[in-house]
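Visitor: what's the 3D shape of this:
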Amino acid sequence: MRQVVLYQDEDGVWIAEVPSLPGCHSAGETRDEAMDNVFDAITVWVEHARAHQLTVPAEPGTAEIRQIESDAA
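Guide: Now for the predicted structure:
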């Protein structure tokens, strides 16, 4: 299981990032599309790492999510 950070960018595109897998991210026009796409990205990332005898980082297992309102741009 991997934690995914999901958010909308300034253009309304949904971005999905996997903090425990450096460079592993995807996007979609909807939340569901972004999640489907990032699932594929995780699979490809792990398969590539294993094929090249690279270490697949462990998932840290804990997370805390906070939303902070800010007027700063």
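Visitor: who touches the lowest-mean-pLDDT helix or strand in the chain?
Guide: Ranked by mean pLDDT, DSSP states H and E, the helix or strand of the chain with the weakest confidence is strand 5-8, at a mean of 95. Contacts with strand 5-8, where a contact means C-beta atoms under 8 Å, 6 or more residues apart in numbering, come from 14-19, 31, 34-35. To be clear about C-beta, it is placed using only N, CA and C from the backbone, and glycine gets the same treatment.
Visitor: distance of the residue nearest the centre of the chain relative to residue 7?
Guide: For the chain, residue 17 is the residue whose C-alpha lies nearest the centre (C-alpha atoms, centre = their mean; 2.0 Å). Per C-beta to C-beta, to the nearest Å, residue 17 is found 8 Å from residue 7.
Visitor: next, the buried residues of stretch 42-52.
Guide: Buried residues in stretch 42-52, counted by 16 or more other C-beta atoms under 10 Å: 42, 45.
Visitor: what lies in contact with that stretch?
Guide: 2, 18, 21, 23-24, 54-56.
Visitor: just the buried residues of these.
Guide: 18, 21, 24.
Visitor: so who does the nearest residue to the first one once chain neighbours are set aside touch?
Guide: With sequence-adjacent residues excluded and distances taken as C-beta to C-beta, 6 or more residues apart in numbering, residue 18 is closest to residue 24, at 4.1 Å. Taking C-beta under 8 Å, 6+ apart as the criterion, residue 24 is in contact with 17-18, 38, 41-42, 45.
Visitor: kindly report the same for residue 39.
Guide: Listed by C-beta under 8 Å, 6+ apart, residue 39 has no contact partners.
Visitor: ok so it is a strand residue?
Guide: No. Using DSSP: H, G, I helix; E, B strand; the rest coil, the assignment for residue 39 is helix, not a strand.
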